[in-house]
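> I'd like to go over a predicted model; first the sequence, then the structure.
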Amino acid sequence: MKEKPRTDANHATLELATFYVGDALCGMNILKIQEINKLMEMTKVPQAPAYVMGILNLRGQIVTIVDLAKKLGLSSTELTDKSRNIIVNSKGEHIGLMTSRISDVVQAGSDKIEPPPANIGGVQGRYFTGVYKTEKSLVGILDVEEVLVDE
Amino acid sequence: MTIENDETLQIYLEESREHLADIENDFLAIERAGAEIDEELVNKVYRAAHSIKGGAGFMGLTIIKDLTHEMENILGKIRSRELVPNPEIVNILLMASDALKNLIEDVFNSNDVDISDHIDALKAIAGGFGVDKTQTVPVLTPPREEKQAIEEATDYQGSEAHMIRVSFPDGRYVFSASQEDLSMARDEGKRIYLIDMDLMRDVQLKGKNPREFTEEMQACGVILDSSIDIESVGAINSDGDAGSIPFLVFYATILKPNDINKLFEIDEGDIYEFAEDMSVRPIAGSVQDNPALFKLKDTACSVKLSQMQNEAELSYQRPIEDTQVPQPATSGKKKAELASGASQQKKKFSVKQESVAVSDSSVESDKTRGQEMPPSATGSDTSLRVHVSLLDSLMNLAGELVLSRNQLIQAFSSGDQRASELAGQRIDLITSELQEAIMLTRMQAVGNVFNKFPRVVRDLARKLGKNIELILDGNDVEMDKTIIEAISDPLTHLVRNSVDHGIETPEERQKSGKDPKGTVRLKAFHEAGQVNIEIFDNGRGLEGKKLAAAAVAKGLISEEQASTMSEKEKVALIFLPGFSTAKEVTDVSGRGVGMDVVKTNLDKLGGVIDIESKLGEGTSIRIKLPLTLAIIPCQIIATSGERYAIPQVNLEELLRIPADQVKERIERVGYAEVVRLRGNLLPLVKLADVIGIEKNFVHPATKASEADRREAIADRRGKKSPLFRDASAEEDDSKRENEEKHPRGPDRRYHAASALNIVVVSTGSMKYGLVVDELHDSEEIVVKPLGRHLKHCKGYAGATIMGDGRVALILDVANLARMAQLTSLAGTDRAAEVSREAGDAAAARNDRQSLLVFRSADDEQFVVPLNQVERIEKIMKSQIEDIGGRKVLQYRGGSLPLFCIDQVADVKPMRDSEDRLVIVFSVTGRDVGLMAMGPVDVMEIFVEFDENTIKQNGIMGSAIIAGHTTMLVDIYGIVQTLNPEWFAAQEQEKVKTKDGEAPTVLVVEDSNFFRNQVKAYMESDGYRVMEAEDGLDAWNKIEEHADEISLVCTDIEMPNMDGFGLTAKIRAEARYSYMPVIALTTLAGDEDIARGKRVGIDEYHIKLDKERLMEAVRRYLKNGRTN
């Protein structure tokens, strides 16, 4: 599972930024990403849902940081030097997704994307729009809006 | 091009709104002035109506034009004193102006609105209704005026679209001329003037002939239009004094302003230039109030106009026959244009007609005004007028900011620390100035809202038949635009409430001795960086009792809650949802949804509402609002290492309780902690608890953060509350003793850093203390919203970014209170619960006392234990005999000695009255009577006596009973003081132990008071006393000093080990079998006695029944246990 996906030479139909959520390699459409940073100066928000790690100041904007692993039902992300914040824009609001490690950007040919199985690395299938198969590993393509649904 | 995008129309609408904004209050002022017409004011309104009319004609808004035209007519008559503005007339005018407002707001559909009601009403006035009181009715004007009006109306009908109409700055006569003519004249280098001359002064008196004069003018230029101001001529002529005949000329000439007045010998103040930018300015250069009275661009004009008639357009030319002004000519051409213009407009409007239904603008708008007016007053303002000077200063600041930025960049690149610091300072300064300036652009006077209230109050008062004066104060207090807009509705509601519910009818007022004229006062003022708005009425006020009863009846609160509420809290009930006090729901206010909506709306703004009311004197509602919403001053605090901001609006004060005072000032009432603050108990809420974070404290010595394990603030350092002498407290005590025996170095709890920081916050009528770890500075912060994932976190109002770039949460103190279940009502609820619990708890731990409550003087209350009392007799003063220096009473065939408490104790003397009570006691086998007064009451209560404060001879101690400090009477003490010889006999036969020493009695009693009492009894009889606080303590003492103790005298109800337990233990040991046990109790039930007998209690005695107790003690010490 640790191998990085090989860049596909096919005519790219989807450019995926890949990252690790726990042990699962996930990807998301790179166009959804506004930036990736390593700002970790979060302010905890007592009483917030468990998956909210805190809020931080992104150039004057308050950004909610969501612990992606926790949100997907895994144990919470431990902050290390490799942790990165993926800032996405969802419904007019900036939200940060905390990931344990950032991986490559891959060009996913549509022919290699398959519907998601029920479970990818312990994560429910409903959070994925599909699976991109490389020779050695699977990249779950995250459905960002589904992940960021506020219950 | 659609009409919506027409810039001209937008300008027109904006101007019209401005005119209309003031028109209402001006009408009201006109009404007040009555016959004493303030011409200035009438002119102002007239001009406003006129401008709107002119523009409407130009825009093809025929309905608006018709309406304003009729209004203008009336105003013209008021100005010329043909009509006296009485309330009826003003009413109709006001309604017309309302209709006008609606038309302007919905301008695209305005042409479809039926305003015939208004027109008819206005015409009726113009036609003579209401003119009966007019002083000067010019002979010929009314019919003519009407004729003129109609002519004017038809005249305006179509031609306006191509005509430019110009009026004098004072609103007099409007000239019309085609755009083309004017531009043609300008092309020829001509200037266009408006000349206001007087045919008498400027022509006749100078020996000129009007005909010659006009010819002279014609020679130098073109008279585009001219008119004689008939109205003023008529009025003056009726006096027979030919003072002036104003002759107004619209004139195009090449003459320069300097020359024109010289040539025609006209005062230069009377000449105005109609400039190319469509403004009318006096050539004298004197600044007029409203130089740009009429500014319109005829952009839509496309139809070519034929030659404009430059003759004067005089509708009629009486009475000056010699003016030589040509007759007006209504040419065929003009009519043709009229038709084409009209059809053109029709095309424009027909598109719109189908889209929107006609809005209802019927005459009766009273009911709906509340809902309809606010949007027009406060609604869709998308543009804002800013003073140019302010804009300039903003520009300057922006420039400076750029300069400073450059400096900063330069300083950074050159690495010059000092320069960068300087630049930083400059930027700091400029930013604050910039912030201030930008805020200023948003500031508007609260008068914008206030100004609509005279009308609201007037209409409402008329409708309700009340006489009400409205006083507005602080109109120029400025607030942020958004707040001004948002408070409009709540304020309207409050004012309506005051008028409807607050102020009584004149009859009612007179009956209660008030001025029949009620007053409603609206006052705005700055205080502590906030705007305060007060709505005060001197009406009937609110009755807390009634409100509470209504709330109970509606099931909003329970009766118990109501009974524990303060008057203020009761009054605040009107903010509860679903509460309406009006007996009948009127359409004016009070549909039962009012006040809570007001409150929620204000809460949203960060405002605080507070109500105070005195029955019969009036009600005062105070609203505190922040100046602005975007940037708010906040107090920064920290708890568990995170910073939080508390808006200054909610902040009352900061409290720091030094470590060594914590145990004295923090108390626990049930499970709630409270702090004593200037005599009041303030509920405390720990922030860490409410928002559920780990409590930490920083160890003062190691600086390390450790988890705080304390449950309660005052834990393990608190002095036990006398109310809560429970088992755990005792355990605690013993623990503490142990700890004290093994000190662990300096106690950190008394370190300065252990002081308690409390932020006292208030939300409306409720106040509480928020316990936080640290208090930081107060800062101005910018409110930023929280993301959608955090919308369920009610405790925060948003977030802000601190100086170091980190985010701090802004606390919503109202919601925090709710989260802590401390809402105002719930608070009292809880307080009641707490006190009830406290009572129960006390009951569990203290002995119940049956007490007889009585008085000796009026304001001093006494009690005696009921079980000491033999009887109570009611006697007359005359029955008392004063024999041998003593008062006695014949009683059951003997003499009953009578005493007063004041004979012994230092209390107020007995009140001298006919009826007396005698409480009969039995002391040393004799009956004695204590004189007392009613009311007598028997209470079975839990009470803790204080034996220090009021203790004296004859008084054992005191306690608070039913709200009074009550003294416990020591009847033995009194008798002994007065009759020591009665006790002498007993003292002789003192019991001694075998070895001749006084025997030792172990007194086991948890209450200090009773223990000391019993001890005193024992000692006075010569026994030695050993004390124990509870059964366990007693048992230890018995084990230690078994040989000394001759008798045990124990209470039954005690913590740790009760009297039964102790006795059972004693009886279990054979070696103590000799030891008599006497139980003391306050209430000896048969069951208890039986149980006591079973475990081996020898005898039961009642506390404070000294005589019997001592008798028993003596007996047991003498004889030992008999069985």
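Thanks, I have the structure now.
> Pull up the residues of chain B that are close to chain A.
B:642, B:691-693, B:784-793, B:795-796, B:799, B:801, B:805-809 (CB under 8 Å from any CB of the partner chain). From N, CA and C alone the C-beta is placed, and that goes for glycine too.
> Now the buried members of those.
Among these, those scoring as buried are B:642, B:691, B:693, B:784, B:786-790, B:793, B:795-796, B:799, B:801, B:806-809 (criterion: 16 or more other CB atoms under 10 Å in any protein chain shown).
> Which parts of chain A are strands?
Using DSSP state E, the strands of chain A run over A:14-21, A:24-29, A:33-37, A:52-58, A:61-67, A:84-90, A:93-99, A:101-108, A:113-114, A:119-120, A:123-124, A:128-133, A:138-142.
> in its sheet, what does the first one sit against?
Just to be clear, that refers to strand A:14-21. Here strand A:14-21 is paired, per DSSP bridges, with strand A:24-29 (antiparallel), strand A:101-108 (antiparallel).
> Now it: average pLDDT?
Mean per-residue pLDDT for strand A:14-21: 87.
> How far does that strand sit from its chain's centre?
On the basis of CA atoms, centre = their mean, to the nearest Å, strand A:14-21 sits 7 Å off its chain's mean C-alpha point.
> Next: the third one.
Its chain's average C-alpha position is 11 Å from that of strand A:33-37, according to CA atoms, centre = their mean.
> Quick check: chain neighbours aside, which residue is closest to residue 110?
Picking chain A for this. Excluding the flanking residues, the one nearest A:S110 by CB to CB, 6 or more residues apart in numbering or on different chains is A:T13, at 4.2 Å.
> try again with chain B
With CB to CB, 6+ apart as the criterion, B:S110 has its nearest non-adjacent residue at 4.2 Å, and that residue is B:L103.
> contacting residues around that neighbour?
Residues in contact with B:L103 (CB atoms under 8 Å, 6 or more residues apart in numbering or on different chains) are B:61, B:63-64, B:67, B:110, B:113, B:115, B:361.
> how about 10 Å then?
B:16, B:52, B:56, B:61, B:63-64, B:67-68, B:109-111, B:113, B:115, B:359, B:361 (CB atoms under 10 Å, 6 or more residues apart in numbering or on different chains).
> are any of those buried, and which?
Listed as buried from these are B:16, B:52, B:56, B:61, B:63-64, B:67-68, B:109-111, B:113, B:115, B:361; burial here means 16+ other CB under 10 Å.
> between the residues you listed, which is closest to B:V1003?
Closest approach between the buried ones among the contacts of B:L103 and B:V1003, by CB to CB: B:S361, at 91.5 Å.
> Relative to B:N102, how far out is the residue nearest to A:S110?
According to CB to CB, to the nearest Å, A:T13 stands 58 Å off from B:N102.
> what about those two, which has more around it?
B:N102 (21 against 13; other CB atoms under 10 Å in any protein chain shown).
> Quick check: which element contains that one?
Using DSSP states H and E, B:N102 falls within helix B:87-105.
> Report the angle between the following helix or strand past that helix and helix B:87-105.
As assigned by DSSP H and E, the chain's next helix or strand after helix B:87-105 is helix B:116-126. The directions of helix B:116-126 and helix B:87-105 differ by 140 degrees, with axes from the mean of the first three to the mean of the last three CA atoms, to 10 degrees as the criterion.
> Helix B:116-126: which residues count as buried?
By 16+ other CB under 10 Å, the buried positions in helix B:116-126 come out as B:117-119, B:121-123, B:125-126.
> Mind giving me the packing neighbours of that helix?
Counting contacts by 3 or more CB pairs under 10 Å, 6 or more residues apart in numbering or on different chains; DSSP states H and E, helix B:116-126 packs against helix B:62-79, helix B:87-105, helix B:141-159.
> Let's test this: mean pLDDT of that helix, rounded?
Within the predicted structure, the mean pLDDT of helix B:116-126 is 78.
> what does stretch B:877-889 give?
When pLDDT is averaged along stretch B:877-889, the result is 80.
> repeat for stretch B:425-436
87.
> now swap in stretch B:544-551 and tell me
Average pLDDT, stretch B:544-551: 80.
> what stretches of chain A score poorly on pLDDT?
For chain A, the stretches with pLDDT under 70 are A:1-12, A:120-123, A:151.
> Looks like B:V649 contacts B:I632 (just checking).
Yes. Using CB atoms under 10 Å, B:V649 is in contact with B:I632, at 7.4 Å.
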